[in-house]
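Engineer: From the sequence below, what's the structure:
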Amino acid sequence: MPKGVNCSVANCSFWKEGNLCNAEEIKIEIDAHSFNEEFASDKLGLLHQDQAMQSAATCCHTFKKKE
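Structural biologist: Just a heads-up that it's a prediction; the model follows:
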């Protein structure tokens, strides 16, 4: 289990008190990967990228909504 991963998404099933993530693994992507590549390149002008210039350009794909 990852240690010391701070997360403020309280409606995630892996979220624990103290803003800690309890997931065994965490998958983080560049936001542009979340879009269909055709949509991203044609509609938003985004190119596939593997480097983020700031944390706001990333997103956690480990999120699983609490039941």
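Engineer: switch to C-alpha atoms for all contacts and neighbour counts from now on
Structural biologist: Noted.
Engineer: For this structure, which helix or strand comes out least confident on mean pLDDT?
Structural biologist: helix 37-39 (a mean of 50; mean pLDDT, DSSP states H and E).
Engineer: Report the next helix or strand after that one in sequence order.
Structural biologist: Per DSSP states H and E, the first helix or strand lying C-terminal to helix 37-39 is strand 58-60.
Engineer: Show me which residues of that next one are buried.
Structural biologist: Neighbour counts over strand 58-60 (16 or more other C-alpha atoms under 10 Å) mark 58-59 as buried.
Engineer: do the same with stretch 52-62
Structural biologist: 58-59, 62.
Engineer: could you dump these to a markdown table with distance to G18?
Structural biologist: Shown next, in a markdown table, are the buried residues of stretch 52-62 (distance: C-alpha to C-alpha, whole Å):
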| residue | distance to G18 |
| --- | --- |
| T58 | 22 |
| C59 | 20 |
| T62 | 18 |
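Engineer: any idea which of these is closest to K3?
Structural biologist: T62 (15.0 Å; C-alpha to C-alpha).
Engineer: how much space between that closest one and K16?
Structural biologist: 14 Å (C-alpha to C-alpha, to the nearest Å).
Engineer: Could you do A52 as well?
Structural biologist: Taking C-alpha to C-alpha, one finds A52 at 27 Å from K16.
Engineer: Tell me where the protein is predicted with low confidence.
Structural biologist: 1-2, 31-50, 55 (pLDDT under 70).
Engineer: backbone phi and psi for the residue nearest to K16 when sequence neighbours are not counted, please?
Structural biologist: Nearest residue to K16, sequence neighbours excluded (C-alpha to C-alpha, 6 or more residues apart in numbering): N22, at 6.5 Å. Torsion angles at N22 (phi, psi; degrees, to the nearest 10) stand at phi -110, psi 10.
Engineer: Same question for the one 3 residues further on.
Structural biologist: Dihedral angles phi and psi of E25 (degrees, to the nearest 10) take the values phi -140, psi 160.
Engineer: quick one: K64 and A10 touch, right?
Structural biologist: No - checked against C-alpha atoms under 8 Å, the pair K64 and A10 is beyond contact range at 10.7 Å.
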